[in-house]
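Peer 1: Sequence and predicted structure, then a few things I'm wondering about:
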Amino acid sequence: EPEKEDAAENAIGLLEYWTDQELAAGEPEEKRLAAWQKWFTEKFPTALEPALPTIAETAKYTVEELVEYLNSDQAEGQLTRGAEVYVRANCAKCHRFNGQGDSLGPALSTVASRFTRRELIESIVHPSHVVSSQYASKTVLTRDGRQITGLVAQGSGGETVVVLPTAERVTLLAKQIEATRPSKLSAMPEGLLDPLTLEEIAD
């Protein structure tokens, strides 16, 4: 709890310094933080919500459960099995690892040296909490009334390719597109770990 309070106070202090304004002055920290969250949402309506991620009621695992298990003596991952799980969990459809898989999403060959185990788990369980601008999703509105959300890329022939969270691809010609808008959701779907056992996740 003290760490959370310090983090909130530090964030509020930085916001007040850089914006040269105070919101909900004199109010308890919780109300001051809520006021700044509201300010951020209004100032940056297309940005991700300034709130902690919530776990779906149907989710099989929480971040804390996975971190605790993977840091325990019970977790004994096997590399060869892990390669099979990587494909079966659809990671290879978007991510390249040691020369295998697609390159639509960030490459993962050196990911373990760039992020902690907790950060990696959080990114898989809550993919839309932190999204790199390089891999931000968009919603494409088509002239026939469809809304297609996913990772948008240009095909070799100039067509627009939308990669859905299922890793399926929808190809659209320019004449089919009415508009393209930013999306607050990641192209990476939630629940990727739900079909797996704890042993498979360790692998």
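Peer 2: The structure has been received and is ready for your questions. Small disclaimer: the values here were computed from a predicted structure and weren't measured.

Peer 1: Now do the same for Thr62: its pLDDT.
Peer 2: On pLDDT, Thr62 comes in at 90.

Peer 1: And the nearest residue to it once chain neighbours are set aside, which helix or strand is it part of?
Peer 2: For Thr62, ignoring the flanking residues on the chain, the nearest one in space by C-beta to C-beta, 6 or more residues apart in numbering is Ile55 at 5.5 Å. All C-beta atoms are positioned from the backbone trio N, CA, C, and that covers glycine. Counting by DSSP states H and E, there is no helix or strand that carries Ile55.

Peer 1: which stretches of this structure form helices?
Peer 2: Using DSSP state H, the helices of the chain run over 2-19, 29-43, 63-70, 79-88, 111-114, 117-125, 198-202.

Peer 1: Can you say which of these is nearest to Gln147?
Peer 2: helix 29-43 (22.0 Å; C-beta to C-beta).

Peer 1: So what touches the closest one?
Peer 2: Contacts of helix 29-43 with the rest of the structure, by C-beta atoms under 8 Å, 6 or more residues apart in numbering, involve 5, 8-9, 11-12, 15, 23-25, 27, 47, 49-51.

Peer 1: just these now: which is nearest Thr139?
Peer 2: Within the contacts of helix 29-43, the smallest distance to Thr139 is 15.1 Å, found for Ala47 (C-beta to C-beta).

Peer 1: what residues are up against the residue nearest to Thr62?
Peer 2: By C-beta under 8 Å, 6+ apart, Ile55 lies in contact with Thr62, Val63, Val125, His126.

Peer 1: How about Arg143?
Peer 2: Listed by C-beta under 8 Å, 6+ apart, the contact partners of Arg143 are Lys175, Gln176, Ile177, Glu178.

Peer 1: ditto for Ala89
Peer 2: Each residue near Ala89 by C-beta under 8 Å, 6+ apart is listed here: Leu192, Leu193, Pro195, Leu196.

Peer 1: Verify the contact between the first one and Ser123 for me.
Peer 2: When you say that, I think you mean Leu192. No. Checked against C-beta atoms under 8 Å, the pair Leu192 and Ser123 is beyond contact range at 10.6 Å.

Peer 1: pLDDT at the residue most central in space within the chain, what is it?
Peer 2: When C-alpha atoms, centre = their mean is applied to the chain, the residue found nearest the centroid is Pro127 (2.3 Å). Looking at Pro127, its pLDDT stands at 85.

Peer 1: Report the contact partners of it.
Peer 2: Contact partners of Pro127, counting by C-beta under 8 Å, 6+ apart, are Ser186, Met188, Pro189, Glu190.

Peer 1: which non-adjacent residue is nearest Ala112?
Peer 2: Using C-beta to C-beta, 6+ apart and skipping residues adjacent in sequence, the residue nearest Ala112 is Leu120, 7.5 Å away.

Peer 1: What of Leu185?
Peer 2: Take Leu185 and drop its neighbours on the chain: the residue closest to it by C-beta to C-beta, 6+ apart is Ser128, 5.0 Å away.

Peer 1: that older thread, next, work out how far apart the residue nearest to Thr62 and Tyr61 are.
Peer 2: Here the distance between Ile55 and Tyr61 works out to 9 Å (C-beta to C-beta, to the nearest Å).

Peer 1: Any idea how far stretch 104-111 is from the middle of the chain?
Peer 2: What separates the centre of stretch 104-111 from the centre of its chain is 14 Å, taken as C-alpha atoms, centre = their mean, to the nearest Å.

Peer 1: Sounds good, over and out.
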